[in-house]
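Engineer: Provided below are the primary sequence and the corresponding predicted coordinates.
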Amino acid sequence: MAKSKSATFRLPDELWEKMEPLIPEVPNTHRFGGGRPRVPNRRCVDSIFFVLRTGCQWKALDETKICSGSTAHARFQEWVAAGVFLEFWKAGLLEYDELKGLDWEWLSMDGAMSKAPLAGEKSGQKPDRPGENGGETQFVD
């Protein structure tokens, strides 16, 4: 039996058990307690990590049938604002420190700074229009 796309790109149960308590409860604000039910958090998490792993656009999630891109993006923004991913990262660091140990004396930051692939050479400020010196006011006779 073939795996579905959602099963292929599912956050492992062990990680989900650690992340789920970090996600804030959202009360139903519908005036009669009804309204459309929220997409389950697990499906949104699977969608968010799918985007982070593959680099696809949010709207491309619509084709995966895991979760809609707009829902996943809205939930991502909601959880970033609530600090969910920061707390998840911290918990992961602490657990790794307990299991393997982190050498807090020696740390490095990794980053890349490079020119855009199709960018030209930087040669100073360009004039606003041809025949004009940038930033100079022209007077009318």
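Structural biologist: Arrived safely. Note that the structure is a prediction, hence the values are computed from the model and not measured. Residues are numbered from 1 along each chain as shown.
Engineer: for the rest of this, base every contact and every neighbour count on C-alpha atoms.
Structural biologist: Fine.
Engineer: what about the protein, any weak spots by pLDDT?
Structural biologist: Applying pLDDT under 70 to the chain picks out residues 1-8, 107-141.
Engineer: count of neighbours near residue 72?
Structural biologist: Neighbourhood size, residue 72 [other C-alpha atoms under 10 Å]: 26.
Engineer: now do the contacts for it.
Structural biologist: Contact analysis of residue 72 by C-alpha atoms under 8 Å, 6 or more residues apart in numbering lists 44, 45, 47, 48, 58.
Engineer: distance of it relative to residue 86?
Structural biologist: Counting by C-alpha to C-alpha, to the nearest Å, the gap from residue 72 to residue 86 is 18 Å.
Engineer: what does residue 106 give?
Structural biologist: According to C-alpha to C-alpha, residue 106 stands 22 Å off from residue 86.
Engineer: with residue 11 instead?
Structural biologist: Relative to residue 86, and taking C-alpha to C-alpha, residue 11 is found at 17 Å.
Engineer: and for residue 50?
Structural biologist: 18 Å.
Engineer: neighbour-wise, which of those two wins?
Structural biologist: Taking neighbours as other C-alpha under 10 Å, residue 50 and residue 86 compare with residue 50 leading, 21 against 14.
Engineer: that one contacts residue 9, doesn't it?
Structural biologist: Yes. Contact criterion C-alpha atoms under 8 Å: residue 50 and residue 9 qualify, at 6.2 Å.
Engineer: which parts of this structure are helices?
Structural biologist: 5-8, 13-19, 41-54, 69-82, 84-99 (DSSP state H).
Engineer: now for the longest one, which elements pack on it?
Structural biologist: If I follow you right, that is helix 84-99. The contact analysis (3 or more C-alpha pairs under 8 Å, 6 or more residues apart in numbering; DSSP states H and E) places helix 84-99 against helix 13-19.
Engineer: could you export the helix it packs on as PDB, CA atoms only?
Structural biologist: In PDB, the C-alpha atoms belonging to helix 13-19 read as follows (Å, rounded to 0.1, in the frame of the first residue of the first chain):
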ATOM      1  CA  ASP A  13       5.100  11.500  16.700                       C
ATOM      2  CA  GLU A  14       7.900  12.000  19.200                       C
ATOM      3  CA  LEU A  15       8.400  15.600  18.100                       C
ATOM      4  CA  TRP A  16       4.700  16.300  17.900                       C
ATOM      5  CA  GLU A  17       4.300  15.200  21.500                       C
ATOM      6  CA  LYS A  18       6.900  17.800  22.500                       C
ATOM      7  CA  MET A  19       5.500  20.600  20.300                       C
END
